[in-house]
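Q: have a look; sequence and predicted model below, questions after that.
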Amino acid sequence: MKLILKIMILLGGLAPLCSRVAGQQYQLREGHIRFSIIAPASELTADNDSLSGSLDLGKGTLRITAYVAGFAFTSAEMPELMRKGATYRFHHYYFDSERYPLATFNGAAAALKKIDPAKDGTYEISCEGKLSMHDVIKIITVKGTVTMKSGIATLNSDFMIDPHDYAVRIPETISRFYYKDMKIAVKARMVRKGAKQ
């Protein structure tokens, strides 16, 4: 009987700890990523809602994965046929998305550990990590915000990359008309693991 009582006391003491750990772990429920190729007189944009990811406030870690095949050009100034053609070329000639289907960012930030999931607010973060894309891995620093509201974490980040750093094949006949860097904008809504929001 004493052994059973000790086990119950031990489990009772662990319960708040388990609850606290679970309350710090989030999974991506909705996400959107856009990349923009900027030229002096125009801007080409492609959008993608095929994202997954996780956020761990206790460990201060963030992971976002984009399924590259989900990108489609959406620039309003491009006729629909031209958008479809640009999307096809991106996947089959430039990025080879069947061979390299994922782009993943794995990062960490001390600021994430300071976020109180029980308090609403917006927190500035600077997250350093590995961006893996097109079978190339680079260390980058991504700045953004995490907004906590009613227990839901919303991540927003804008940053620049040079696609040539990731061995993405863009013909000179096209790349010479655009600025070197590509703008990436990410928005992700994350909920606590096990939550139904």
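A: Alright, I've got the coordinates.
Q: nearest to the spatial middle of the chain, which residue is it?
A: In the chain, the centroid-proximal residue (CA atoms, centre = their mean) is residue 64; its distance is 3.5 Å.
Q: which helix or strand contains that one?
A: strand 61-67 (DSSP states H and E).
Q: now the strands for the protein?
A: Along the chain, the segments classed as strands by DSSP state E run 25-38, 43-48, 51-56, 61-67, 72-73, 102-108, 121-133, 136-149, 152-161, 182-192.
Q: out of those strands, which is closest to residue 169?
A: Across those, residue 169 has its closest neighbour in strand 136-149 (12.2 Å, CB to CB). All C-beta atoms are positioned from the backbone trio N, CA, C, and that covers glycine.
Q: from the contact counts, what lies against that closest one?
A: strand 102-108, strand 121-133, strand 152-161 (3 or more CB pairs under 8 Å, 6 or more residues apart in numbering; DSSP states H and E).
Q: need those strands in a markdown table with mean neighbour count and distance to residue 43, can you?
A: Listed next are the helices and strands packed on strand 136-149 as a markdown table, based on neighbours: other CB atoms under 10 Å; distance: least, CB to CB, whole Å:
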| stretch | mean neighbour count | distance to residue 43 |
| --- | --- | --- |
| strand 102-108 | 18 | 21 |
| strand 121-133 | 16 | 21 |
| strand 152-161 | 17 | 14 |
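Q: could I get those strands as TSV with mean pLDDT and distance to residue 31?
A: Formatted as TSV, the helices and strands packed on strand 136-149 follow (pLDDT from 0 to 100; distance: least, CB to CB, whole Å):
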stretch	mean pLDDT	distance to residue 31
strand 102-108	97	12
strand 121-133	97	16
strand 152-161	96	9
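Q: let's have these in JSON lines, adding distance to residue 53.
A: Shown next, in JSON lines, are the helices and strands packed on strand 136-149 (distance: least, CB to CB, whole Å):
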{"stretch": "strand 102-108", "distance to residue 53": "8"}
{"stretch": "strand 121-133", "distance to residue 53": "12"}
{"stretch": "strand 152-161", "distance to residue 53": "8"}
